[in-house]
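In: Provide a 3D model corresponding to the input given below.
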Amino acid sequence: MTYLANNAQSIPTGFRKILFLNWPLVLLMTSVASVGFLMLYSVAGGSFSPWVEPQFKRFLLGLGVMLFVAMIPIWFWRNVSAVAYLVSFGLLLAVEFFGSVGMGAQRWIDLGFMRLQPSELMKITLVMLLAAYYDWLPPEKTSRPFWVVLPVLMILIPTALVLKQPDLGTSILLMAAGGGVMFLAGVHWAYFAAVIASGVGLVAAVFQSRGTEWQLLKNYQYRRIDTFLDPSQDPLGAGYHITQSKIALGSGGWSGRGFMQGTQSRLNFLPEKHTDFIFTTLAEEFGFIGGLSLLSIYMLVIIFAIAAAIATKDRFSALVTMGIALTFFLFFAVNMSMVMGLMPVVGVPLPMVSYGGSVMLVLMGAFGLIQSANIHRPR
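Out: Numbering: from 1, shown residues only. Now for the predicted structure:
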């Protein structure tokens, strides 16, 4: 491998691109997905259907998407960032009129062979557009009010559409990821201090509006807050999810009950065991050690992504890589915090582990952007 790398100029361009892939990231993503296959096999009672087989096919398709995105020069993705954002925004609008309804929310577009969730695509195209914007904007203008308002609108407009679906979890991720890219681009800290202060005021307004004509959240979202503060108020109703989740987490102990021996998932006490609460199944069967192992793999993904961002000299590549790393971090941080009772249940899946097509394909495509930046950086 070292010989090939040192003599890369004699290698055909296509093969050289494969050689310059960030292979540790590929292996780490495959490891995370494999954990997902294992847990989906367990929650299905030792069967490849109905979840493992379609998830495996989606992962293979995702690998193809990642390689396709990676082979295209990063400057192309910078140039089409605005188009990608507008397509995602158009799909979000289409959800309002043609979206499929599931579990009380209208978030998907039925394509026949799969249900596409445009809000997942927006998470990545928003990062792309913000990275392209700050690559274009001269550094001295970064913190000027007019040039700060534009990216704020880029973030808030799609966030409002997602919140209307309603999808509070994705709305939080959009704002956090967008704000993170702005911070990494060098926007002055005073803006973020003002946002935090406003957030505190908004939280107060949310609680004050409850039961009034101008109520800011849905009733089920208030119940989630109540459940977060005190799950024992309604252990068989609104508090059921988090109560069963904590029982599963606690019963796993240090080393777990053993593969396919988790009582909470096998006896169907644990709700959404193949999607949002799959981490609790992992913790019950493999214990604290298993949960920490998965978290370690996730952190290695973040570390290698940050290293890739540092290695590149291109501002767009660095910002889009860091933005995707931040989005990935928010995914698993929010999900793990949610199932452990550290924050309200907001319906965020565990990346590459929870069952779901849109998240899998979008994340693999996003890591394809990181690979494209790595392959096409000057050497």
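In: from R377, how far out is F20?
Out: Plainly put, F20 is 9 Å away from R377 if you go by CB to CB, to the nearest Å. Glycine gets a C-beta too; all of them are placed from N, C-alpha and C.
In: swap that for M154, sorry
Out: Counting by CB to CB, the gap from M154 to R377 is 26 Å.
In: which one's more surrounded, the two?
Out: Taking neighbours as other CB atoms under 10 Å, M154 and R377 compare with M154 leading, 19 against 16.
In: what sits against the most centrally placed residue in the chain?
Out: Centrality entry for the chain: nearest residue to the mean C-alpha point is F331, 3.8 Å, by CA atoms, centre = their mean. By CB atoms under 8 Å, 6 or more residues apart in numbering, the contact list for F331 reads 173, 348-351, 359, 363.
In: out of the residues you listed, which comes closest to T227?
Out: Closest approach to T227 among the contacts of F331 (CB to CB): V348, at 15.8 Å.
In: residues touching that closest one, list them.
Out: Residues in contact with V348 (CB under 8 Å, 6+ apart) are 169-170, 173, 276, 331, 334-335, 338.
In: try 7 Å
Out: 169, 173, 331, 334-335, 338 (CB atoms under 7 Å, 6 or more residues apart in numbering).
In: before we move on, back to that, how far does the strand or helix carrying the residue nearest to the centre of the chain sit from the chain's center?
Out: According to DSSP states H and E, F331 maps onto helix 315-339. Relative to the chain's own centre, helix 315-339 is displaced by 7 Å; criterion: CA atoms, centre = their mean, to the nearest Å.
In: over to stretch 124-135?
Out: With CA atoms, centre = their mean, you get 16 Å for stretch 124-135.
In: how about stretch 145-162: buried residues?
Out: 147, 151-152, 154-155, 158-159, 161-162 (16 or more other CB atoms under 10 Å).
In: which residues are contacting it?
Out: 89, 92, 119, 122, 126, 129-130, 133, 137, 141, 170-171, 174-175, 178, 182, 187, 191.
In: just the buried members of those?
Out: 89, 92, 119, 122, 126, 129-130, 133, 137, 170-171, 174-175, 178, 182, 187, 191.
In: so which of those residues belong to helices?
Out: 89, 92, 119, 122, 126, 129-130, 133, 170-171, 174-175, 178, 182, 191 (DSSP state H).
In: of all those, which comes closest to V320?
Out: Nearest to V320, judged by CB to CB, of those is L130 at 8.6 Å.
In: secondary structure and distance to I297 for the contacts of F331 - can I get that in JSON lines?
Out: Listed next are these as JSON lines, based on DSSP: H, G, I helix; E, B strand; the rest coil; distance: CB to CB, whole Å:
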{"residue": "L173", "secondary structure": "helix", "distance to I297": "20"}
{"residue": "V348", "secondary structure": "coil", "distance to I297": "18"}
{"residue": "P349", "secondary structure": "coil", "distance to I297": "16"}
{"residue": "L350", "secondary structure": "coil", "distance to I297": "12"}
{"residue": "P351", "secondary structure": "coil", "distance to I297": "11"}
{"residue": "V359", "secondary structure": "helix", "distance to I297": "17"}
{"residue": "L363", "secondary structure": "helix", "distance to I297": "14"}
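In: which one among those gets closest to Y222?
Out: Out of those, the member with the shortest distance to Y222 (by CB to CB) is V348, at 18.6 Å.
In: buried set for stretch 324-335?
Out: Buried-residue list, stretch 324-335, by 16+ other CB under 10 Å: 324-335.
In: burial count for G186?
Out: Applying other CB under 10 Å, we find 12 residues neighbouring G186.
In: quick revisit: kindly provide the distance from the residue nearest to the centre of the chain to A177.
Out: 10 Å.
In: need the overlap of contacts for those two.
Out: Contacts common to F331 and A177, judged by CB under 7 Å, 6+ apart, are absent.
In: now do the strands in the stretch 151-300 of the chain.
Out: For the stretch 151-300 of the chain, applying DSSP state E, counting those that start in this stretch gives no strands.
In: how far off centre is stretch 213-229?
Out: Centroid displacement of stretch 213-229 relative to its chain, using CA atoms, centre = their mean, is 24 Å.
In: can I get the buried residues of stretch 324-335 in a markdown table with distance to E213 and pLDDT?
Out: Supplementary listing: the buried residues of stretch 324-335 in a markdown table, determined by distance: CB to CB, whole Å; pLDDT from 0 to 100:
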| residue | distance to E213 | pLDDT |
| --- | --- | --- |
| I324 | 41 | 95 |
| A325 | 42 | 95 |
| L326 | 38 | 95 |
| T327 | 36 | 94 |
| F328 | 40 | 94 |
| F329 | 39 | 95 |
| L330 | 33 | 93 |
| F331 | 36 | 91 |
| F332 | 38 | 92 |
| A333 | 36 | 93 |
| V334 | 31 | 91 |
| N335 | 34 | 90 |
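In: so what's L217 up against?
Out: V206 are the contacts of L217 under CB under 7 Å, 6+ apart.
In: which one is L249 nearest to, not counting chain neighbours?
Out: The shortest distance from L249 to any residue other than its chain neighbours is 4.9 Å, reached at A283 (CB to CB, 6 or more residues apart in numbering).
In: burial count for that neighbour?
Out: Residues near A283, counting by other CB under 10 Å: 28.
In: cool, and L91?
Out: L91, neighbours per other CB under 10 Å, totals 19.
In: burial count for the spatially closest residue to it that is not a sequence neighbour?
Out: Leaving aside its chain neighbours, L91 sits nearest to P118 (3.5 Å; criterion: CB to CB, 6+ apart). Other residues within reach of P118, judged by other CB under 10 Å, total 26.
In: if I look at P118, how far off is P349?
Out: Taken as CB to CB, the span from P118 to P349 is 16 Å.
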